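Asker: based on what follows, work out the 3D shape:
(2 chains)
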Number of protein chains: 2
Amino acid sequence: MTDLINRQYYLASRPVGKPDATNVPVRDVPVADPASDEVVLRNLYISLDPAIRGWMGDDPNYIEPITLGDAVRSSVIGRVVKSNSPDYAVGDVAMSLGAWEQYTTAQAITLNKLDENMGIPLSSFMGVLGPTGLTAYFGLLDVGKPKAGETVLVSAAAGAVGSVVGQIAKMKGCRVVGMAGSDDKCRWIKDDLGFDEAINYKTCGDYEGAIRKACPEGVDVYFDNVGGDIMDSALNCLNKFARVAVCGWISTYNVPNAPGPVNLWQLVAESVTMQGFTLLDYLDRFEEGIGQLVQWLMAGEITSREEIVDGLDNVLPTFLKLFDGSNTGKLLIRIPEE
Amino acid sequence: MTDLINRQYYLASRPVGKPDATNVPVRDVPVADPASDEVVLRNLYISLDPAIRGWMGDDPNYIEPITLGDAVRSSVIGRVVKSNSPDYAVGDVAMSLGAWEQYTTAQAITLNKLDENMGIPLSSFMGVLGPTGLTAYFGLLDVGKPKAGETVLVSAAAGAVGSVVGQIAKMKGCRVVGMAGSDDKCRWIKDDLGFDEAINYKTCGDYEGAIRKACPEGVDVYFDNVGGDIMDSALNCLNKFARVAVCGWISTYNVPNAPGPVNLWQLVAESVTMQGFTLLDYLDRFEEGIGQLVQWLMAGEITSREEIVDGLDNVLPTFLKLFDGSNTGKLLIRIPEE
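Answerer: Residues are numbered from 1 along each chain as shown, chains lettered A, B, ... in the order given. Sure, this is the predicted structure:
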């Protein structure tokens, strides 16, 4: 037993709709000494992603749900404070599958060591160089298959995945249109990221009309992060042989019994391919993806943006920002070092 | 003006739900002499297909709707009774885009001449060697991409398309499970066509349970002709990287405001590809497809079955059999020669 106390937010009950403090309460537990080949990380960053909402449910068809009583699973970056592995020294920094907690204990073999001195902020390894950047990379290029001159429509375009999707699509010579939830976000994706058009879905009124106006030649690739009514409207704007890359449907995660898309018939009408994917489908190509993203980031071809909120105790209200569309870019909790 | 009188069933108003005689009344009109390079066919067979229901609607996103006042569009096989083309003699037999009518006038260049003496019944050219056979061929092989050892699930499996899909999938070494609407149909697809299992969807109760039982290793390819609750249940039984070939959704064609599938989330959970297609996507490969189907038919590798109803005046009630599942195989109207 060490003298470390671990503050954890854990899953006490499965939420119906938005999770609240009764579903995800806090506790303080002692941290055990690391077993052989284990290390203890003092977490610096905790990644907040829509997928976590899925893990809080009990659908066994998707990734293993979080066991009731366990801390809420998420990716973390932490500094080694105790090591029982020859591969890690105290002071090293690594990314790990962890939880909403101050300390994560993990097997050394499952960690990815990060270099603090390569001129890239650590937080980028959770954004453009992390799971969300890789999701954008594989989802757009491998599933969406955009060709130069085509129109790419992205929903949640100011989010961690969407903002990278749009920037890669621009590099591939596409007309890129993003949908986002505020004028500030729309300005950001147009002025800073180079999107051709931006639609504020909260003020545009008729989605389908707004998409048609911003995509006068129709949509060839729709990269969908939101589902629901926006997806349904986008379906009606697809060109023949369009591709729909389904990354996730955040608009439905807190809606029990969400209705299905009524315009799915467009798949037959326009010979559309709609493909779901998860990052784990591309495990054997991570090196390729990260290598390419590092190169683009260093060359200034893509911009990374993180929205960082300090303090572990803010984790639940910060997580909920994902669902009201109030964050821009990759959302992180930072636990500052003293 | 010839002395021929054309009996036609025409679209007087667009149906909501099932079309009836007020939507599709009958009239007798004179047949004009063929213009240059035109021929007049005296129709022998009229093809009845689910897609015709779509053409009766007014969705401009799909194929051109039938203009109000025009005879109901469909494929026909007819014998030339008047020709103003050097390529066709009176007595020749040809397939054409025509209508629910006794005489079809068409440009010679749009016809496909058929050989009555090659030992294949003319009706097969509307079934396994016609659009439905080709739809099965391209939809299964090009969209479904079945691999030997995989499980293929087919809905409307005793229909014109589904019955051919299942037979081709068996030739490719797959486990093939069909869903059909009567015990007779189930017996036919198992005993005569060689399906491994058949599910009577009208008596099986819980679709998902029945599919899981018939597909103990899950579904790798779902060839969907029906949509609705059966598709929704099939979505929950898909394996990782499964393919859903969407041929059509007959269960919804007569249902205004049909709800969307609520289990579409399985696309993301299992990294599924769902692809719509129409036969016209494969125009440049028709020769390949027909060549292969003729070879299989002559070799006895696939069986063609047509349900033939005599008399043009039976066209509307016969068409409606498609929607209550009471036909088996390809549905045709025959207008016997006197």
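Asker: which bits of chain A sit near chain B?
Answerer: A:59, A:61-62, A:232, A:236, A:241, A:246-249, A:252, A:257-278, A:281 (Cβ under 8 Å from any Cβ of the partner chain). Every C-beta, even on glycine, is put in place using the N, C-alpha and C of the backbone.
Asker: in strands, which of the residues you listed fall?
Answerer: Using DSSP state E, the members of these that fall in strands are A:241, A:246, A:273-276.
Asker: buried subset of the residues you listed?
Answerer: The neighbour-count test (16 or more other Cβ atoms under 10 Å in any protein chain shown) applied to those identifies A:246, A:273-276 as buried.
Asker: could these be laid out in a markdown table, adding pLDDT?
Answerer: A markdown table is the format used below for those (pLDDT from 0 to 100):
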| residue | pLDDT |
| --- | --- |
| A:Val246 | 96 |
| A:Thr273 | 98 |
| A:Met274 | 97 |
| A:Gln275 | 97 |
| A:Gly276 | 96 |
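Asker: tabulate these in a markdown table, adding columns for distance to A:Val40.
Answerer: Formatted as a markdown table, those follow (distance: Cβ to Cβ, whole Å):
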| residue | distance to A:Val40 |
| --- | --- |
| A:Val246 | 38 |
| A:Thr273 | 46 |
| A:Met274 | 44 |
| A:Gln275 | 40 |
| A:Gly276 | 36 |
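Asker: from the ones in strands among the residues of chain A next to chain B, which is closest to chain B?
Answerer: Nearest to chain B out of these is A:Gly276 (Cβ to the nearest Cβ; 3.3 Å).
Asker: and the residue nearest to that closest one when sequence neighbours are not counted, what does it touch?
Answerer: Nearest residue to A:Gly276, sequence neighbours excluded (Cβ to Cβ, 6 or more residues apart in numbering or on different chains): B:Leu267, at 3.3 Å. Neighbouring residues of B:Leu267 by Cβ atoms under 8 Å, 6 or more residues apart in numbering or on different chains: A:246, A:274-276, B:235, B:274.
Asker: return the member of the ones in strands among the residues of chain A next to chain B nearest to B:Pro317.
Answerer: Nearest to B:Pro317 out of those is A:Met274 (Cβ to Cβ; 36.4 Å).
Asker: quickly list what the residue of chain A found nearest chain B is bridged to.
Answerer: Using Cβ to the nearest Cβ, the closest approach of chain A to chain B is made by A:Gly260 at 2.8 Å. A:Gly260 has these beta-bridge partners by DSSP bridges: B:Gly260.
Asker: residues contacting it?
Answerer: B:232, B:259-264.
Asker: of the residues you listed, grab the buried ones for PyMOL.
Answerer: To isolate the buried ones among the contacts of A:Gly260 in PyMOL, judged by 16+ other Cβ under 10 Å, type:
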select buried, chain B and resi 232+260+261+262+263+264
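Asker: from the contacts of A:Gly260, pick the one nearest A:Leu331.
Answerer: B:Leu264 (26.0 Å).
Asker: what's near enough to touch that closest one?
Answerer: Here B:Leu264 is in contact with A:260-261, A:264, B:235 (Cβ under 8 Å, 6+ apart).
Asker: widest-spaced pair of those residues?
Answerer: A:Pro261 and B:Leu235 (12.6 Å).
Asker: what sits in contact with each of these two?
Answerer: Joint contacts of A:Pro261 and B:Leu235 (Cβ under 8 Å, 6+ apart) are B:261, B:264.
Asker: distance to B:Leu141 and pLDDT added to the contacts of B:Leu264, as a markdown table?
Answerer: Listed next are the contacts of B:Leu264 as a markdown table, based on distance: Cβ to Cβ, whole Å; pLDDT from 0 to 100:
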| residue | distance to B:Leu141 | pLDDT |
| --- | --- | --- |
| A:Gly260 | 28 | 86 |
| A:Pro261 | 27 | 89 |
| A:Leu264 | 23 | 91 |
| B:Leu235 | 22 | 96 |
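Asker: report the contact partners of the residue lying closest to A:Gly173 once chain neighbours are set aside.
Answerer: Counting by Cβ to Cβ, 6+ apart, A:Ala148 is the residue found nearest to A:Gly173 once chain neighbours are left out, at 3.2 Å. Counting by Cβ under 8 Å, 6+ apart, A:Ala148 touches A:172-174.
Asker: adding pLDDT, write the residues you listed out as JSON lines.
Answerer: Putting the contacts of A:Ala148 into JSON lines (pLDDT from 0 to 100) gives the following:
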{"residue": "A:Lys172", "pLDDT": "97"}
{"residue": "A:Gly173", "pLDDT": "98"}
{"residue": "A:Cys174", "pLDDT": "98"}
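Asker: can you pick the most crowded of the residues you listed?
Answerer: Greatest neighbour count in the contacts of A:Ala148, by other Cβ atoms under 10 Å in any protein chain shown, goes to A:Cys174: 22 neighbours.
Asker: roughly how far apart are the residue nearest to A:Asn239 when sequence neighbours are not counted and A:Phe195?
Answerer: Nearest residue to A:Asn239, sequence neighbours excluded (Cβ to Cβ, 6+ apart): A:Gly218, at 4.0 Å. Per Cβ to Cβ, to the nearest Å, A:Gly218 is found 17 Å from A:Phe195.
Asker: what's the domain layout of chain A?
Answerer: What the record gives for chain A is the domain set A:5-127+A:305-334, A:131-280, from automatic domain parsing.
Asker: need the winner for burial among the ones you listed.
Answerer: The highest mean neighbour count among the domains of chain A, using mean count of other Cβ atoms under 10 Å in any protein chain shown, belongs to domain A:131-280: a mean of 22.
Asker: surely A:Ser233 and A:Arg212 touch.
Answerer: No - look at A:Ser233 against A:Arg212 with Cβ atoms under 8 Å: they stay out of range, at 9.3 Å.
Asker: so A:Gly178 bridges to which residues?
Answerer: Bridge pairing for A:Gly178 - DSSP bridges - gives A:Val154, A:Ala198.
Asker: ok, now which ones touch it?
Answerer: Applying Cβ under 8 Å, 6+ apart, we find A:Gly178 in contact with A:153-155, A:157-158, A:162, A:166, A:186, A:189, A:195, A:197-199.
Asker: same deal with A:Phe241?
Answerer: A:220, A:270-273, B:281.
Asker: next, format the residues you listed as a markdown table and append distance to A:Ala136.
Answerer: As requested, those are exported to a markdown table (distance: Cβ to Cβ, whole Å):
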| residue | distance to A:Ala136 |
| --- | --- |
| A:Asp220 | 17 |
| A:Glu270 | 25 |
| A:Ser271 | 26 |
| A:Val272 | 21 |
| A:Thr273 | 19 |
| B:Asp281 | 29 |
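Asker: out of those residues, who's nearest B:Val128?
Answerer: Proximity of the contacts of A:Phe241 to B:Val128 (Cβ to Cβ) peaks at B:Asp281, which lies at 19.6 Å.
Asker: neighbours of that closest one, how many?
Answerer: The local packing of B:Asp281 (other Cβ under 10 Å) involves 16 other residues.
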